[in-house]
Structure formats: C-alpha cells, structure tokens
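[1] Build the 3D model from these lines:
(one chain, ligands or ions: 1)
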Amino acid sequence: MAHSTLSSKMTSLLSARKANSAFRTLTVSPPTSKDFSSNDFLSLSTSPVLRTAYLSELTSHPDFRLGSSGSRLLDGNSLYAETLEKEIAEFHGAEAALLFNSGFDANEGLFACVPQRGDVVVYDAFIHASVHEGMRLSRAGRKVMFEHNSVPDLERVLSELARDEEVRDGERNVFVAVESLYSMDGDLCPLKEIVELVERMLPNGNGHIIVDEAHSNGIYGSQGRGVVCSLGLEDRIFARLHTFGKAIGCNGAAILCSPLTRAYLINYARPLIYTTAMSFPSLAAIKVVYGLMKDGTTVPLIWHLNSLITHMYEQLLTLQPLTTDSALLRLPQSLPNSPIFALLTPEPRSLAKWCQAAGFVVRPIVPPTVPEGTQRVRVCLHAGNSKQEVEALVASIRAWLIARRRAESAEGIVESLDVKARL
Ligand SMILES: Cc1ncc(COP(=O)(O)O)c(C=O)c1O
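    Predicted structure coming up:
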C-alpha cells in the first residue's frame, strides 16, 4: 500500500537521522532561562517600550482589518503597507522597498525570478538556504560557489567567467550573492573589496551584487541602517534583503532595490504573488520598530550590545589557562565584530546541555549546518543581557571545562592502569 510504503520510508529516513545524531525536534526553553541564543539581538521582542508603542499604534487605527484578506496583488494591499515601504526605503537610503512575508520568501522569490536564462549566480559558500532554494528554481545557466569571504577566490571565479564573451561584453548577467554578517561564525563580509572587485572585473554593468542584511539589520550602521549604509555603498548594490525577524524583533522582510526591480518582483516573484499579504498587526509592529530606530531609541541598546561583546570576549580570555593545553574549547582569536560567538568544541552537545542546565539558552551547532570539524556552541548576545549574566554564562563554561578535564584525566589514569595491567 502506498501509505505504508511512505510511512516506512519516512521512518527509515528519520531513524538514519537519529543514528547520525541529526534528528531535529521542536523545543521550548524554560521561561526563566537567560537568552543567549535567539536572533533578537536588541531584545525588542520583549521590550516594554516597544509593546507600549505598538499598542498605541493599534489603538490609533481602531478600525484595522485583522487579516490582510488576500495577496498584495488582489485585496491584501493597503496604503499603510505602501507608506511603510517608502519609510523603510528612505531609512536605508534605497530607492524602493518591497515587503515579503519572510526573508526566506524574499530570497527565494528574488533569486528564482531575477536571473534570466543563461545568467550566472556566484555565491558565498556559507550563503543562506533560502538563496539556494531560489537558485534551484531560477533559470540561471550556472551557479558557482566561491570560498567563504574569500576575495581572491571570488576573483578566480570571476576571471574564469570572463572567458565567456557574453560575460565580457556585458550581455550575460552575473549576480554575486553575499551576506553582510554570517550567522554561524559572526563574521562580516569584506563588502567594499567585493564591490570594487566586481566593478573592476565586470566593467560593462552586468555585475549585480545582492546583499542579505538579515543579521545586520538594526545593529550595524548609523541607527541600525545596516552594513551597506555604513560603507556608503547604497548605489553600488543591486538589491538588499532586510529581514525583520532578528534585531527588529518582528517577522517579515523587505527587498530594497530600484523601482524597476520592485515592479519586476511584483510581476514575477511567486512567493509574493501567490500568498496572503502580511496582516495589519504585523505591519504595525514593523512600523513601530522603524520609528524607534529613526528617533534614536534603539541606539543605547546597540551601545550596550557592543559593550557586552567586549565584556564577553574579556571573560572568555580568563578561560585561557584551561584551554591552552586542551582541545576541549577553542576561544575566539580576536575581539569578535558581532554579537555572535562561535565556541568551537568537539563536544558541543555536552557543553550546551551543561549551560542549559545552569539556566542559559545556548545551542549546539553541528554538521551539516556547519562544516565537519567546526561544530560549536553558538552564543548570541542581546541588549537585554546584563554583564552579570555574561559572567555567569562564562562561569558555567569554566565549570564544564574543569569537569571535562577531570573526567579526561580520570579516563587517562584508568587507561594507563589498563596498559600496566596488560604488561
Ligand atoms: C541570512 C539569512 N537570510 C534569510 C533568512 C530568512 O529570513 P526569515 O527568518 O525572515 O525567513 C535568514 C533566517 O534565518 C537568514 O539568516
């Protein structure tokens, strides 16, 4: 029977995942635990200031429609959504913005429909799954990866592509997909160098850079305008993705682009066309957060977050005596540029479980999410964390290191006794 065949196939695939320790489940963190995991970098999703401003926005529109009741192309559009898009575009120094229900939808829609038949998409090795999904659906002739954050490797790929006359003549488009801040290592993209390289290697205007600012929105650049704005590259980027599910503390996303690209997406981006548009309560939340960014309310939160990054780094350095002669934990080599700390360890599950038991939400990240040999515990700092919480988290990591080292040396003694007994 088809059903039982399907059940047994699914069961065997899930069992394989369990056997590889890759089985995913949904979890809920205890409400009292300290958040060192979520992407809510400014802790806005729980901010009383935001909650008050949000409720006031709702009450100032007492007749609001709860659901949008249709696609943006049918009945789901509103003046409110269009005004919000203009405000978002203006804030980020873009010509136009187009809202999507999520960053995943936006990337998928953009990469699926913008590259034309025969075009090429060149992408960073660590690019998000949503870009892969878009590329899979696109008509692009080739999709070529370059080494993560490597300008020389991008140059190698572009020189190889430039052997094609159509690329050289500007007939064939080359899209270059990067993220401004990568979520697993917390490292920034060398964006200025990439822009200069693409302009130099593709001087006929057929190099189009797309920057995913999912993780940098709200925390980089003046008042959180993002990395592109902080580098003054607004006019040299084809499209930017700003998501609202991370530092903005809401849901949804906007693509910042030219009015032409916006019109094209409205006509061809399927995740925009064939879905119910964002509801008024969602739009209102985004609008209120942008208001808080514009009036400077979030700036002290960004400052506090930056001071926590330094504090966390300094605290981690105190663990050095426990890590120098051991492979249990690799500390960051220099002060990280972002609130994301990758604590590389061969035992991420053990360390994460230990910290969770002490009341801290941290997550183990293992292959295939990260390359083999780079498993880690990912720690994310938030404006809502205090210095004392950071110290307590590092104290918990210290206690784990001591316990693991004791266990290792006990194992070592048992092993050497074993050897002696065998001699
Ligand atoms: C780099 C990047 N792009 C896009 C997305 C998707 O955004 P959203 O969560 O709004 O779907 C994410 C979310 O994990 C992301 O990290």
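[2] residues in contact with residue 139?
    By Cβ atoms under 8 Å, 6 or more residues apart in numbering, residue 139 lies in contact with 115-119. Yep, even glycine has a C-beta here, placed from its N, CA and C like the rest.
[3] Assign it to one of the three secondary structure states.
    Of the three states, residue 139 takes coil under DSSP: H, G, I helix; E, B strand; the rest coil.
[4] How much space separates it from residue 257?
    Counting by Cβ to Cβ, to the nearest Å, the gap from residue 139 to residue 257 is 19 Å.
[5] cool, residue 56 as well?
    Separation of residue 56 from residue 257 (Cβ to Cβ) stands at 32 Å.
[6] How about residue 323?
    Here the criterion is Cβ to Cβ. By it, residue 323 lies 45 Å from residue 257.
[7] Neighbour count for those two, which is higher?
    Neighbour totals were compared for residue 323 and residue 257, and residue 257 leads with 25 against 18 (other Cβ atoms under 10 Å).
[8] How many residues are close by the closest residue in space to the more buried one that isn't next to it in sequence?
    Of all residues not flanking residue 257 in the chain, residue 239 sits nearest, at 4.3 Å (Cβ to Cβ, 6 or more residues apart in numbering). For residue 239, the neighbour count with other Cβ under 10 Å is 24.
[9] Next: the one 3 residues further on.
    Neighbourhood size, residue 242 [other Cβ under 10 Å]: 29.
[10] just residue 328 next, same as before
    When neighbours are counted by other Cβ under 10 Å, residue 328 registers 18.
[11] And for it, nearest residue in space, chain neighbours not counted?
    Nearest residue to residue 328, sequence neighbours excluded (Cβ to Cβ, 6+ apart): residue 404, at 5.5 Å.
[12] residues from the chain in reach of the ligand?
    102-104, 107, 128, 130, 179, 183, 212, 214-215, 243, 245, 253 (Cβ under 6 Å from any ligand atom).
[13] Can you pull the phi and psi angles for residue 163?
    Dihedral pair for residue 163: phi -70, psi -20, per degrees, to the nearest 10.
[14] burial measure for it, as a count.
    Other residues close to residue 163 by other Cβ under 10 Å number 8.
[15] Same check on residue 7?
    Residue 7 sits with 11 neighbouring residues when counted by other Cβ under 10 Å.
[16] That one and the ligand: what is the separation?
    Per Cβ to the nearest ligand atom, to the nearest Å, residue 7 is found 30 Å from the ligand.
[17] Tell me which residues of stretch 225-238 come out buried.
    225-231, 233-234, 236-238 (16 or more other Cβ atoms under 10 Å).
[18] residues in contact with the residue nearest to residue 328?
    If you count contacts by Cβ under 8 Å, 6+ apart, residue 404 has them with 328, 347, 350.
[19] ok, now with 10 Å
    Contacts for residue 404 (Cβ atoms under 10 Å, 6 or more residues apart in numbering) come out as 322, 326, 328-329, 345, 347, 350-351, 354.
[20] Now the phi/psi pair for the residue nearest to residue 310 when sequence neighbours are not counted, please.
    Leaving aside its chain neighbours, residue 310 sits nearest to residue 335 (6.5 Å; criterion: Cβ to Cβ, 6+ apart). The phi and psi values for residue 335, taken as degrees, to the nearest 10, are phi -60, psi 120.
[21] Tell me how many other residues surround residue 335.
    Counted with other Cβ under 10 Å, residue 335 comes out at 11.
[22] Skipping its backbone neighbours, what lies nearest residue 201 in space?
    residue 158 (4.2 Å).
[23] quick one: the one you found from the ligand, how far?
    23 Å.
[24] neighbouring contacts of the strand or helix carrying that residue?
    According to DSSP states H and E, residue 158 maps onto helix 151-161. Outside helix 151-161, the residues that touch it by Cβ under 10 Å, 6+ apart are 120, 122-125, 142, 144-147, 150, 167-168, 172, 174, 176, 178, 189-190, 192-194, 196-198, 200-202, 207.
[25] Spatially nearest residue to the residue in the stretch 51-200 of the chain positioned nearest to the ligand, not counting backbone neighbours?
    In the stretch 51-200 of the chain, the residue that lies nearest the ligand is residue 103 (2.3 Å; Cβ to the nearest ligand atom). Leaving aside its sequence neighbours, residue 103 sits nearest to residue 243 (Cβ to Cβ, 6+ apart; 3.6 Å).
[26] what about the one you found, neighbour count?
    Neighbours of residue 243 under the rule other Cβ under 10 Å: 27.
[27] So it sits against residue 253, correct?
    Yes: judged on Cβ atoms under 10 Å, residue 243 makes contact with residue 253 at a distance of 4.2 Å.
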